[in-house]
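Asker: Generate a structure from the sequence data that follows.
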Amino acid sequence: MRYNLDFKKQVIAYYREGYSSHATAKKFTVNPKFVLKWVKQYQSGGIEAIKPKASKTKYSSEFKLKVLTVMLRQGLSQSEVALKFNISSPALISHWHKAYRQQGMSGLISKPKGRAAMSKPFITDKPNDEKTLAELKRENEYLRAEVAYLKKLDALLKAEERAGKKQGLSKH
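Answerer: A predicted model of the protein is given here:
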């Protein structure tokens, strides 16, 4: 669950009045770990550190390496490094560390999400006898998919037409 900035400020203010993290958590019905996390974030980075992120932050591979280097050289915990660099989740640092250990710098490079966009096949204007075997196979595959699509579209249109006629007959 995401908590808005005003809510977090209320929780922090209540805690700073001298109440324990458990008492604060009970009053606001949140996890005591959140109370302590928000207080530490606020203490280290002010309001900016507790503001909910508008969208997922994308971190460069250089930034990830810098975070890991600081963590390892200074012997800091993931939570401490997350606070220091204003990273919302210490678990993210753990993920980077594992990727770096397994794949080196290439493990820190962000991979594109989702499926790759389907590219149009490379159909050349060359005469068929001048096309390579790979070009002919690609064109053939494309044309087969196009025919299959058109057959399905035709079947759907005919089914809608039949359904329309049946409705028309039942109304008379």
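
Asker: Which parts of the lowest-mean-pLDDT helix or strand in the chain count as buried, going by neighbours?
Answerer: Of all helical and strand segments in the chain, the minimum by mean pLDDT, DSSP states H and E falls on helix 47-50, at a mean of 80. Across helix 47-50, burial judged by 16 or more other C-beta atoms under 10 Å covers A49, I50. Just so you know, the C-beta spots here come from the backbone N, C-alpha and C atoms, and that holds for glycine as well.

Asker: likewise stretch 61-80?
Answerer: Quick answer for stretch 61-80 (16+ other C-beta under 10 Å): K64, V67, L68, M71, L76, Q78, S79, E80.

Asker: Kindly report the same for stretch 19-27.
Answerer: Buried residues in stretch 19-27, counted by 16+ other C-beta under 10 Å: S21, T24, A25.

Asker: just how off-centre is stretch 32-43 within its chain?
Answerer: Centroid separation for stretch 32-43 versus its chain: 25 Å, with C-alpha atoms, centre = their mean, to the nearest Å.

Asker: What residues sit buried inside that stretch?
Answerer: Under 16+ other C-beta under 10 Å, the buried positions of stretch 32-43 are F34, V35, K37, W38, V39, K40, Q41, Y42.

Asker: Can I get the buried residues of stretch 19-27 in JSON lines including distance to P52 and secondary structure?
Answerer: Listed next are the buried residues of stretch 19-27 as JSON lines, based on distance: C-beta to C-beta, whole Å; DSSP: H, G, I helix; E, B strand; the rest coil:
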{"residue": "S21", "distance to P52": "20", "secondary structure": "helix"}
{"residue": "T24", "distance to P52": "19", "secondary structure": "helix"}
{"residue": "A25", "distance to P52": "19", "secondary structure": "helix"}
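
Asker: Pipe the residues you listed into JSON lines and attach distance to R2 per row.
Answerer: JSON lines is the format used below for the buried residues of stretch 19-27 (distance: C-beta to C-beta, whole Å):
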{"residue": "S21", "distance to R2": "20"}
{"residue": "T24", "distance to R2": "19"}
{"residue": "A25", "distance to R2": "17"}
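
Asker: Quick check: which element contains the nearest residue to G107 once chain neighbours are set aside?
Answerer: Nearest non-adjacent residue to G107, counting by C-beta to C-beta, 6 or more residues apart in numbering: A99, 3.4 Å away. Taking DSSP states H and E as the criterion, A99 maps to helix 90-103.

Asker: Show me the helices in the protein, by range?
Answerer: According to DSSP state H, the chain carries its helices in the segments 5-16, 21-28, 32-45, 47-50, 61-74, 78-84, 90-103, 133-171.
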